[in-house]
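**Student:** My questions concern the predicted model and sequence given below.
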Amino acid sequence: MPEGQDDRVPEGQVSAVADGQASPVAGPVASPVAVGAGPARRRRVGGGLLADVSPLRDHPAYRRLWLGETVSALGSQITATAVLLQVFAITRSSFQVGLVGVVGLVPLVAGGLFGGAIVDAVDRRRLALITSSALAVVSALFLLLSASGALDTVAWPLFCLVAVQSALLAVDQPARRAMAPNLVPVESLPAASALSQIGSMAAAVCGPLVASLALTLGGFSVAYAVDLATFAAPMYGLARLPAMPPLGGGRVAGVASVVEGLRFLRGQPVLLMTFVVDIIAMVFGMPRALFPELAETRFGGGSVTAGAMYSAVAVGSLLAAGLSRPLGGLRRQGLAVVVSIVLWGGAIAAFGLVHDIALGVLLLAVAGAADMVSAILRNAILNVSTPDEMRGRLQGVFLVVVAGGPRLGDLEAGGIAAAVSPVFSVVSGGLACIGALAVATAAVPALVRYDARAAMTRARARGEPEPAGQN
């Protein structure tokens, strides 16, 4: 499925060669400070609040990857919004809107696990080019079916395309995200994570609004046409990167490789908990499937009001990402993740109680800001704690969690809304998020105790390749 409204998701991610050349690094650099080694490359965390843009300024390959991902995310957000609104327009059912996410869940889970194994076995740049081309074909089918009138009365073709798109994204996204940590030094990973989130959230702010405008001016086919046009940017960015095989030559893809990645994750309680707490937040606290119905029944609006609600979460996320510089020097990152998710659940519960759209949008923005802090820190923990040869598989698990959680949340929210009411669904979901989080962190306190400085020291000692493509 298009990356929905979650899109914290949205952050992308080797060889020590000139940009555009293929000369893989033979193995890990021996020096314990090889990543970003040397005084000239050390990034000092400065004062102030505005996001650290040094990864974009100092690393051209990362800059091109980031720009392509941001434009692509804009197109994905336009289509994600259009699909949800089109399903509601056809079926008039929030439960059917929730099913959009569920349809893509099985291919997402299977593709995420096995797609991550493929990412750790082949050249990640070439793989991303192939999957991006296939995703462009899917977007073209959205456009053709909508323009032909095939979707005027039936929604099942949309569900089919969502399933295919989810399978492709499950390979495409881990490939992209496994690249970024090797395009910047390890001390710049929190900044790079924040910048990736800024790009994703800027797209998430603009995407629903552009989709709403497209629907007003020309219908669903116009929205899908804009998405198709955005594929040019990421394809260009990928084409300019050097070859990016996994460190050490990679691991043969297959069940054994998947099991190896899961076994590694099981032995990393902090990493495992970053996934668990995000699933809790999204399954219980994500009310996006209810926005079209709430826009009409509670706030007296239509597609524009629903678009504003989708965008409000992204506006808060964008503001938090833009003011994220202090996160780069934060030592107790795990504790900050837990606090952020508590704020997310509280803001969502409060949103379910209000009748004024302005106050509702404000609460959704607060929830989005809290979720963004959690997303930046969780991704930084993942990139610092995972060796290069495991990044594809761990990014596959990451994709399953961050994209699968909201899809389950769509079903949970839509199902409870159908059984009781949309308001009860939103309020109970926010409170359940806080309660389940308290139980999880009490059972496994490793995340709360996580020390970011000690983890970075271990990452330098582990040895990683120099940042690639600096020209």
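**Tutor:** Looks like it arrived, so ask away.
**Student:** Which parts of the stretch 151-300 of the chain are strands?
**Tutor:** Taking DSSP state E, counting those that start in this stretch as the criterion, the stretch 151-300 of the chain carries no strands.
**Student:** Now Pro107. Nearest residue, chain neighbours left out?
**Tutor:** Nearest non-adjacent residue to Pro107, counting by Cβ to Cβ, 6 or more residues apart in numbering: Ala167, 3.7 Å away. Placement of C-beta: from N, CA and C, glycine included.
**Student:** does that neighbour really touch Val106, like I thought?
**Tutor:** No - contact between Ala167 and Val106 fails when scored by Cβ atoms under 8 Å: they sit 9.0 Å apart.
**Student:** that older thread, enumerate every residue touching the residue nearest to Pro107.
**Tutor:** Pro107, Leu108, Ala110, Gly111 (Cβ atoms under 8 Å, 6 or more residues apart in numbering).
**Student:** Name the member of these with the most neighbours.
**Tutor:** Leu108 (26 neighbours; other Cβ atoms under 10 Å).
**Student:** May I ask which helix or strand encompasses that one?
**Tutor:** helix 105-119 (DSSP states H and E).
**Student:** what's the following helix or strand after that helix?
**Tutor:** Downstream of helix 105-119, the next assigned helix or strand under DSSP H and E is helix 124-148.
**Student:** Can you point out the buried residues in that following helix?
**Tutor:** Neighbour counts over helix 124-148 (16 or more other Cβ atoms under 10 Å) mark 124-129, 131-132, 135-136, 138-139, 141-143, 145-146 as buried.
**Student:** Could you do stretch 450-461 as well?
**Tutor:** Tyr450, Ala452, Ala455, Met456, Ala459, Arg460.
**Student:** Mind exporting the C-alpha coordinates of it to PDB?
**Tutor:** This file holds the C-alpha atoms of stretch 450-461, laid out as PDB (Å, rounded to 0.1, in the frame of the first residue of the first chain):
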ATOM      1  CA  TYR A 450      19.800   2.700  26.900                       C
ATOM      2  CA  ASP A 451      23.000   4.800  26.800                       C
ATOM      3  CA  ALA A 452      23.500   6.400  23.400                       C
ATOM      4  CA  ARG A 453      27.100   7.400  24.000                       C
ATOM      5  CA  ALA A 454      28.200   4.000  25.000                       C
ATOM      6  CA  ALA A 455      26.400   2.500  21.900                       C
ATOM      7  CA  MET A 456      28.300   4.900  19.600                       C
ATOM      8  CA  THR A 457      31.600   3.900  21.200                       C
ATOM      9  CA  ARG A 458      30.700   0.200  20.500                       C
ATOM     10  CA  ALA A 459      29.800   1.100  16.900                       C
ATOM     11  CA  ARG A 460      33.200   2.700  16.200                       C
ATOM     12  CA  ALA A 461      35.000  -0.200  17.800                       C
END
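**Student:** what mean pLDDT does that stretch have?
**Tutor:** Across stretch 450-461, pLDDT averages out at 79.
**Student:** now the longest helix anywhere in the chain: how far from the chain's centre is it?
**Tutor:** Ranked by residue count, the top helix of the chain under DSSP state H comes out as helix 60-91. Chain-centre distance of helix 60-91: 11 Å, with Cα atoms, centre = their mean, to the nearest Å.
**Student:** moving C-terminal of that helix, what's the next helix or strand?
**Tutor:** Immediately after helix 60-91, counting by DSSP H and E, sits helix 94-103.
**Student:** what helices or strands is that following helix leaning on?
**Tutor:** helix 60-91, helix 156-177, helix 291-297, helix 391-419 (3 or more Cβ pairs under 8 Å, 6 or more residues apart in numbering; DSSP states H and E).
**Student:** pLDDT (mean, whole number) over the last one?
**Tutor:** I take that to be helix 391-419. On average, helix 391-419 scores 81.
**Student:** what about the stretch 101-250 of the chain, any weak spots by pLDDT?
**Tutor:** 248-250 (pLDDT under 70).
**Student:** of the buried residues of stretch 450-461, closest to Gly392?
**Tutor:** Among those, Ala459 lies closest to Gly392 (Cβ to Cβ), at 17.4 Å.
**Student:** Give me the helices and strands touching the helix or strand containing that closest one, please.
**Tutor:** Per DSSP H and E: Ala459 is located in helix 452-462. If contacts are counted by 3+ Cβ pairs under 8 Å, 6+ apart, helix 452-462 sits against helix 357-385.
**Student:** Just give me how far the helix it packs on sits from the chain centre.
**Tutor:** With Cα atoms, centre = their mean, you get 11 Å for helix 357-385.
**Student:** now do stretch 233-251
**Tutor:** Centroid separation for stretch 233-251 versus its chain: 20 Å, with Cα atoms, centre = their mean.
**Student:** And it, what's buried?
**Tutor:** Applying 16+ other Cβ under 10 Å to stretch 233-251 flags 233-234, 237-238, 241-247, 250-251 as buried.
**Student:** I'd like these as a markdown table, with distance to Val186 appended.
**Tutor:** Below are these laid out as a markdown table (distance: Cβ to Cβ, whole Å):
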| residue | distance to Val186 |
| --- | --- |
| Ala233 | 28 |
| Pro234 | 25 |
| Gly237 | 22 |
| Leu238 | 23 |
| Leu241 | 20 |
| Pro242 | 19 |
| Ala243 | 22 |
| Met244 | 17 |
| Pro245 | 20 |
| Pro246 | 17 |
| Leu247 | 14 |
| Gly250 | 21 |
| Arg251 | 22 |
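**Student:** so which pair among these is furthest apart in space?
**Tutor:** Greatest spacing in those, by Cβ to Cβ: Ala233 and Arg251 (31.2 Å).
**Student:** picking up where we left off before, which of the buried residues of stretch 450-461 sits closest to Asp278?
**Tutor:** Out of the buried residues of stretch 450-461, the member with the shortest distance to Asp278 (by Cβ to Cβ) is Tyr450, at 14.8 Å.
**Student:** burial measure for the residue nearest to that closest one when sequence neighbours are not counted, as a count.
**Tutor:** Counting by Cβ to Cβ, 6+ apart, Tyr450 lies nearest to Gly334, which is 3.3 Å off, once chain neighbours are set aside. Neighbour count of Gly334, defined by other Cβ under 10 Å: 25.
**Student:** thinking Gly334 is in contact with Val448, fair?
**Tutor:** Yes - the pair Gly334 / Val448 is scored as a contact, 5.4 Å apart, by Cβ under 8 Å.
**Student:** hang on, Val276 packs against Ala440?
**Tutor:** Yes - contact status for Val276 versus Ala440: in contact at 5.6 Å, counting by Cβ under 8 Å.
**Student:** if you average pLDDT over the longest helix of the chain, what comes out?
**Tutor:** The pLDDT scores in helix 60-91 average 87.
**Student:** what angle sits between it and helix 391-419?
**Tutor:** Calculated by axes from the mean of the first three to the mean of the last three Cα atoms, to 10 degrees, helix 60-91 forms an angle of 20 degrees with helix 391-419.
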